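**Q** Give me coordinates for this.
(one chain, ligands or ions: 1)
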Amino acid sequence: MDGPLSPRESAEFVAGKSRDVSIDGGGVRSVAELLLAKASGPELSPGGWKALHELNPRAADEAAVSWVFVTDTLNFSFWSEHDEHKCLVGYKGKTYSGYWSLCAAVNRALDEGIPITSASYYATATLDQVKHIFRSDTDVPMPLIEERHRILNETGKILLEKFQGSFLNCVRKSEKSAQKLMHLVVESFPSYRDVTQFEGKRISFYKRAQILVADTWSVLEGKGDGCFTDISSITMFADYRLPQVLAHLGALKYSKELLEKLLRGEMFSYGDRQEVEIRGCSLWCVELIRDCLLELIEKKGEKNREINSILLDYYLWDYARDHREDMKGIPFHRTRCIYY
Ligand SMILES: Nc1nc2c(c(CN[C@H]3C=C[C@H](O)[C@@H]3O)cn2[C@@H]2O[C@H](COP(=O)(O)O)[C@@H](O)[C@H]2O)c(=O)[nH]1
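**A** This next block holds a predicted model:
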């Protein structure tokens, strides 16, 4: 059987048939103009991944790659029912929420001498051990903790069986192709198979597989094993934050019916038509923003720095974090799943 459409093909297909979500051309241009002002800054450069985020590894060695693999294997579904009542993790004097609470818990475990980034540990870690590692400072636990335990055991066993327990071996099998690595990850690790149906076609967004490739590129600083020749073929990562920030910036529009559902905080299931339209249109929207930004850079006569969808995504995701208050009026879609 043929594989699903690629994330980029899937996004274009969904955007072309979407009913409740649309891309606003004027909004796309205004976001591109916002990014143009940052195009030569640290926020839109590969080095920003380390420079701007204190929890990310400083090194570019095997241990750092293993850190990226275990965090991206668990990089999903951090949103809480009530935003003022959520999982928090204190680490080195700071309190972290959401995705960062995951990273803080991983670093805290390593400081406590728990080898959470070693496949030989997490392949057989017990549920109680995983609950302890990802414990919250509040009475709200990290969401889907049982699923996280199951995925750690499953992924650790496969990494031991197929790649001698080291994700760097998996990276090396990709022969410096981002696409090969993405497909090798999806074929090898079931929890990364972010694939669904839309209008009779099998489509993929591969959100965690793509961010894993991107974070591997970032932690290796685009050098050596991380020097992917086709890194620009990786698209943005279809999560629940990017749609929110794209709507906030006017690049994405929701139908009245969908906006009312979102404002009511209704749940969506993974693969629902409207959930797929939100993710697909967001992905396609960032592709259009990238194209527009590259045109603006060209017109400005600036030398064309390496601007790709990964760097735009990282910037927009950080922007969403920094503008949480301003975005209160724009809801994010609530799906509980292991894919994003
Ligand atoms: N599109 C996109 N989605 C991303 C990331 C990240 C963090 N990654 C990079 C960011 C800094 C480091 O440099 C990491 O490399 C997490 N997420 C998703 O967001 C959601 C969590 O959100 P909140 O509840 O607010 O923490 C959840 O679906 C999670 O999967 C990204 O970068 N892009």
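
**Q** Please count neighbours and contacts with C-alpha atoms only from this point.
**A** Fine.

**Q** Low-confidence ranges, the protein, go.
**A** Low-confidence regions of the chain, defined here as pLDDT under 70, cover residues 1, 304.

**Q** max-length helix in it?
**A** As far as residue count goes, and with DSSP state H defining each element, the longest helix of the chain is helix 273-299.

**Q** Show me what it packs onto, helices and strands only.
**A** Contacts of helix 273-299 with other secondary structure elements, assessed using 3 or more CA pairs under 8 Å, 6 or more residues apart in numbering; DSSP states H and E, are made with helix 7-17, strand 21-23, helix 25-36, helix 242-248, strand 252-254, helix 309-322.

**Q** quick one: strands adjacent to the second one?
**A** In its sheet, strand 21-23 lies beside strand 252-254 (antiparallel), with partners assigned from DSSP bridges.

**Q** which outside residues touch the strand it pairs with?
**A** Contacts of strand 252-254 from elsewhere in the structure, counted by CA atoms under 8 Å, 6 or more residues apart in numbering, are 20-24, 27, 243, 246-247, 281-282, 285.

**Q** Of the helices and strands packed on helix 273-299, which is nearest residue 193?
**A** Shortest separation from residue 193 across the helices and strands packed on helix 273-299 is recorded for helix 7-17, at 11.8 Å, computed as CA to CA.

**Q** Quick check: buried residues in the closest one?
**A** In terms of neighbour count (16 or more other CA atoms under 10 Å), helix 7-17 has its buried residues at 7-15.

**Q** Quick one: list the elements packing against it.
**A** Under the contact criterion of 3+ CA pairs under 8 Å, 6+ apart, helix 7-17 touches strand 201-204, helix 273-299.

**Q** To the ligand, which of those lies closest?
**A** helix 273-299 (9.2 Å; CA to the nearest ligand atom).

**Q** how about the contacts of strand 252-254 in TSV, adding neighbour count?
**A** Putting the contacts of strand 252-254 into TSV (neighbours: other CA atoms under 10 Å) gives the following:
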residue	neighbour count
20	17
21	26
22	21
23	22
24	16
27	20
243	29
246	24
247	22
281	28
282	30
285	26
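
**Q** Spell out which parts of the stretch 51-200 of the chain neighbour the ligand.
**A** By CA under 6 Å from any ligand atom, the residues of the stretch 51-200 of the chain that approach the ligand are 75-79, 98-99.

**Q** ok, back up a step: possible to save the helices and strands packed on helix 273-299 as JSON lines with distance to residue 169?
**A** Shown next, in JSON lines, are these (distance: least, CA to CA, whole Å):
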{"stretch": "helix 7-17", "distance to residue 169": "25"}
{"stretch": "strand 21-23", "distance to residue 169": "40"}
{"stretch": "helix 25-36", "distance to residue 169": "36"}
{"stretch": "helix 242-248", "distance to residue 169": "31"}
{"stretch": "strand 252-254", "distance to residue 169": "39"}
{"stretch": "helix 309-322", "distance to residue 169": "23"}
